[in-house]
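S.K.: My questions concern the predicted model and sequence given below.
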Amino acid sequence: MTSEFAHLGLDRPVRDVMSAGVITIAQDASISQARHAMARHRVNAVLVLDRGDSKPLGWVTSRGLLGWIDRQPTLTSVGRAISEPVRTIDARAPIADAARELALGDVSHLLVCAGSGRFPEGVVSALDIVVASG
């Protein structure tokens with residue numbers, strides 16, 4: 001546990017603040033389809049999965065899609081627009097651990113799993129942690 005964050009409630013498990021479930025899209029879907037999925041589910045990122053084995057390949061984020069606005073979104077596969085790698089965190093890990101990982105700046109979302117190599121339970125973002133610390 002990380003007792004230095006106890007007064008902020010960040011010693012609680014990540015599971016307490018994560019968004020349950022994960023919005024996914026196949027790597028050969030179009031950028032336009034990813035944009036629609038983000039809008040429909042009101043999320044800032046979707047997880048791109050390999051078409052063959054459903055392995056997570058990376059995140060397509062709203063920020064990452066800014067560079068694709070002037071391209072043909074219906075003809076470009078979302079796999080080409082992956083902007084962040086997949087990082088996981090155990091659902092039982094303290095929120096402070098997720099905060100440290102997200103503060104590194106190369107990812108904005110962590111895939112929350114129940115143990116290593118387990119099926120994802122949800123997603124935790126920087127916004128989830130900021131809200132939880134207030």
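M.R.: Done, it's in.
S.K.: Let me see the ranges of the helices in this structure.
M.R.: 31-41, 62-65, 95-103, 126-133 (DSSP state H).
S.K.: So for residue 76, which of those sits nearest?
M.R.: helix 31-41 (4.9 Å; Cβ to Cβ). Yep, even glycine has a C-beta here, placed from its N, CA and C like the rest.
S.K.: Just the residues contacting that closest one, thanks.
M.R.: 23, 25, 43-46, 48, 60, 62, 65, 68, 71, 73-74, 76-78, 80-81 (Cβ atoms under 8 Å, 6 or more residues apart in numbering).
S.K.: Spit out the contact partners of the residue positioned nearest the centre of the chain.
M.R.: When Cα atoms, centre = their mean is applied to the chain, the residue found nearest the centroid is residue 109 (3.3 Å). Residue 109 is in contact with 44-45, 59, 61, 84, 123-125, counting by Cβ under 8 Å, 6+ apart.
S.K.: for stretch 109-129, which positions count as buried?
M.R.: 109-113, 120-126, 128-129 (16 or more other Cβ atoms under 10 Å).
S.K.: Could you export it as CSV, CA atoms only?
M.R.: Provided in CSV are the C-alpha atoms of stretch 109-129 (Å, rounded to 0.1, in the frame of the first residue of the first chain):
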residue,chain,number,x,y,z
HIS,A,109,-5.6,4.9,-20.2
LEU,A,110,-4.7,1.7,-18.3
LEU,A,111,-6.4,-1.6,-19.0
VAL,A,112,-7.6,-3.0,-15.6
CYS,A,113,-7.2,-6.7,-15.2
ALA,A,114,-7.9,-9.2,-12.4
GLY,A,115,-4.3,-10.5,-12.2
SER,A,116,-1.7,-10.8,-14.8
GLY,A,117,-2.8,-12.2,-18.2
ARG,A,118,-6.5,-12.1,-17.1
PHE,A,119,-9.4,-10.8,-19.1
PRO,A,120,-9.8,-7.0,-18.8
GLU,A,121,-12.4,-5.8,-16.3
GLY,A,122,-12.3,-2.1,-17.3
VAL,A,123,-10.3,1.0,-17.9
VAL,A,124,-8.9,3.7,-15.7
SER,A,125,-7.9,7.1,-17.0
ALA,A,126,-6.3,10.2,-15.6
LEU,A,127,-9.7,11.8,-15.2
ASP,A,128,-10.9,8.9,-13.1
ILE,A,129,-8.0,9.4,-10.7
